[in-house]
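Colleague: Can you look at this prediction? I've put the sequence above it.
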Amino acid sequence: MICVPIIAPTPERIEREIHFATPLADLLELRMDYAPRADLKRLIETRRKPVIVTCRPEREGGQFRGEESERLALLQRAIDLGADYVDVEWDSVGALRRGGHTRMIVSRHDFRRVPENLESLHAELVAAGADIAKIACTATSILDNLRIFRLLKSTKHPTIALCMGEAGAISRVLGRKYGAFLTFGSAARGKESAPGQFSAAQLREMYRYKQIGRATDFYGVIANPVGHSMSPAIHNAAFAALNMDAVYLPLKVECDPAEFVRAFRELDARGYSVTLPHKEGILAGMDELSPLARRIGAVNTVVCRQGRLHGTNTDVPAAIGALEEAVAGGTKAAAVAERSPLADRRVLLLGAGGAARAVAHGLIEKGARVAITNRTPERAVALAREVGGEAVTMEAAAGIGAEIVINTTSVGMYPHVCATPLPREALRKGMVVFDAVYNPPETRLLREARETGCRTIGGIRWFVSQAALQFELWTGRPAPRHVMERVVRQRLEER
């Protein structure tokens, strides 16, 4: 079930939030510690969804600052009025008198860590008379979620168990797979009652929370930071389009990524995307590496097969495939000919970071002649030496006669949309210009290239193509690329 907390401070705002949240919720949590003077009788008698009545004291992370006797009297009144659930703290449950059909949620919070003795704490809550036992604690590492999942899997007693904070966000979704009684989703962004909550709309729509079960396949993106990632939106949309029983989650990995994937084997994940800053660090956690990933020293895709972790890279084939098609005049048939359309083409590569490194290896493999320029010349020299290209200064770049220009830097990315990594004068009609930046969809570089008569490739195409190749490696099914691209464009319009 999805429970939406109502945390408004006035009766008028409570009514508004209930009206907005009711269609999203399976039940509502009336957080009376935010508005202890609200008309509890009216709220219970007019409810259209089951309600949990909570009045959380400050010692357990709530807002109630009055006398303990007043707080307990409010909870007792909720029971007497016939509330569906009352949430009471583990050290106060003995002060309440049960009555009617009200079910008791007995809860315990830890805002510092995940306690070592989770199982014994859970047993104490059950022994105290909890109809539903609730443990909410703060994750200091994404690995803490494993202990919550183990607790959920080990008990048949109705249990709410979750990790708070961004590192624990996955417990709010994946807990359902392991039997969590409910999860909490905010009425809207900015209305969270605890750190790490998703909105109820996200839970329902993006993560399809109500459809998650024991057999649901688990995927995710390994990153730090991860909150900005669009990968959950596009992969979950692809799973929904093909009616697949799968969920894809943002995984904020601050620890060693190799340690993470080893530890998470117990969840039997089916695959991961890997992005900054972990594409290189994760290699040590792989059981197998594709020749391409081994050669470039970077993994952006992990495929889990029969308990083994296979690391590969879809950044390279996605970029090279788009370039070959563009150089061949937009025909895929020409792009897959025995001799690559990129062979002997003069390429100017802007940047020398991880994306540039992947693309450079792919270009050299196809026989292209690659010149690399970078704001830090030493990095351009090092990459050129590694792949067998040449390093050029930015001043000399315009004069090398490039037929293809590829920007892998962040120059021109939102909000700096007026910037460009290459002056218009360096562009010539007939060039192919590829910009890895996808926000905005058409950068200044691409706009000026189009106006000059160049063929252009935007970053959205690369982003969607690498994600689609990941999807196909994981599932063995054709990716719904049109769905994935539509989601990316919608998300960019919303930002």
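Modeller: Received the coordinates, thanks.

Colleague: Residue 404 versus the closest residue in space to residue 449 that isn't next to it in sequence, what's the distance?
Modeller: Leaving aside its sequence neighbours, residue 449 sits nearest to residue 433 (Cβ to Cβ, 6 or more residues apart in numbering; 3.8 Å). Heads up, the C-betas are built off the backbone N, CA and C, glycines and all. Note on residue 433: its distance to residue 404, by Cβ to Cβ, to the nearest Å, is 8 Å.

Colleague: what does residue 232 give?
Modeller: Distance from residue 232 to residue 404, by Cβ to Cβ: 33 Å.

Colleague: Look at the residue nearest to residue 449 and tell me its secondary structure.
Modeller: strand (DSSP: H, G, I helix; E, B strand; the rest coil).

Colleague: Look at it and say how many residues are nearby.
Modeller: 25 (other Cβ atoms under 10 Å).

Colleague: So what sits opposite it in the bridge?
Modeller: Here residue 433 shows beta-bridge partners residue 405, residue 456, assigned using DSSP bridges.

Colleague: Was I right to think it contacts residue 457?
Modeller: Yes. If you go by Cβ atoms under 8 Å, residue 433 and residue 457 touch, sitting 7.3 Å apart.

Colleague: that older thread, let me see the contact set for the residue nearest to residue 449.
Modeller: 404-405, 407, 427, 445-446, 449, 454-457 (Cβ atoms under 8 Å, 6 or more residues apart in numbering).

Colleague: Apply 7 Å and report the result again.
Modeller: 405, 427, 445-446, 449, 454, 456 (Cβ atoms under 7 Å, 6 or more residues apart in numbering).

Colleague: So which of these is the closest to residue 96?
Modeller: Proximity of the contacts of residue 433 to residue 96 (Cβ to Cβ) peaks at residue 446, which lies at 64.5 Å.

Colleague: where's the closest one, which helix or strand?
Modeller: Per DSSP states H and E, residue 446 falls inside helix 444-452.

Colleague: any low-confidence regions in the stretch 201-350 of the chain?
Modeller: For the stretch 201-350 of the chain, the stretches flagged by pLDDT under 70 are 330-337.

Colleague: those strands in it, which residues are they?
Modeller: 217-223, 246-252, 271-274, 288-289, 301-305, 308-312, 346-350 (DSSP state E, counting those that start in this stretch).

Colleague: out of those strands, deepest packed?
Modeller: Of those, the one with the most neighbours on average (mean count of other Cβ atoms under 10 Å) is strand 271-274, at a mean of 26.

Colleague: elements contacting that strand?
Modeller: strand 217-223, strand 301-305 (3 or more Cβ pairs under 7 Å, 6 or more residues apart in numbering; DSSP states H and E).

Colleague: among the ones you listed, which is nearest residue 57?
Modeller: For the helices and strands packed on strand 271-274, proximity to residue 57 was assessed by Cβ to Cβ; strand 217-223 is nearest, at 35.5 Å.

Colleague: any residues touching that closest one, and which ones?
Modeller: 174, 229, 231-232, 235, 245-251, 253, 257, 260, 267, 269-276, 278, 282, 474.

Colleague: Same question for the helix ranked longest in the chain: list its buried residues.
Modeller: As assigned by DSSP state H, the longest helix anywhere in the chain is helix 459-475. Within helix 459-475, the residues that count as buried by 16 or more other Cβ atoms under 10 Å are 459-471, 473-475.

Colleague: if we can go back for a sec, looking at the contacts of residue 433, which one is closest to residue 368?
Modeller: When the contacts of residue 433 are compared for distance to residue 368 (Cβ to Cβ), residue 405 wins out at 12.3 Å.

Colleague: burial of residue 198, as a residue count?
Modeller: Neighbour tally, residue 198, other Cβ under 10 Å: 22.

Colleague: Adjust the sequence numbering to begin at 23 for everything that follows.
Modeller: Yep, numbering from 23; the last one is residue 220 now.

Colleague: residues in contact with the spatially closest residue to it that is not a sequence neighbour?
Modeller: Nearest non-adjacent residue to residue 220, counting by Cβ to Cβ, 6+ apart: residue 207, 5.7 Å away. Going by Cβ under 7 Å, 6+ apart, residue 207 touches 24, 26, 219-222, 225.

Colleague: Let's see that with 10 Å instead.
Modeller: 24-27, 43, 46-48, 194-195, 213-215, 219-226, 229, 231 (Cβ atoms under 10 Å, 6 or more residues apart in numbering).

Colleague: Out of the strands of the stretch 223-372 of the chain, which gets nearest to residue 505?
Modeller: strand 268-274 (13.6 Å).

Colleague: Against which helices or strands is the closest one packed?
Modeller: helix 193-196, strand 239-245, helix 253-263, helix 279-285, strand 293-296, helix 481-497 (3 or more Cβ pairs under 10 Å, 6 or more residues apart in numbering; DSSP states H and E).

Colleague: Select, out of the ones you listed, the one closest to residue 31.
Modeller: Per Cβ to Cβ, nearest to residue 31 of those: helix 193-196, 24.6 Å.

Colleague: Many thanks, we can stop here.
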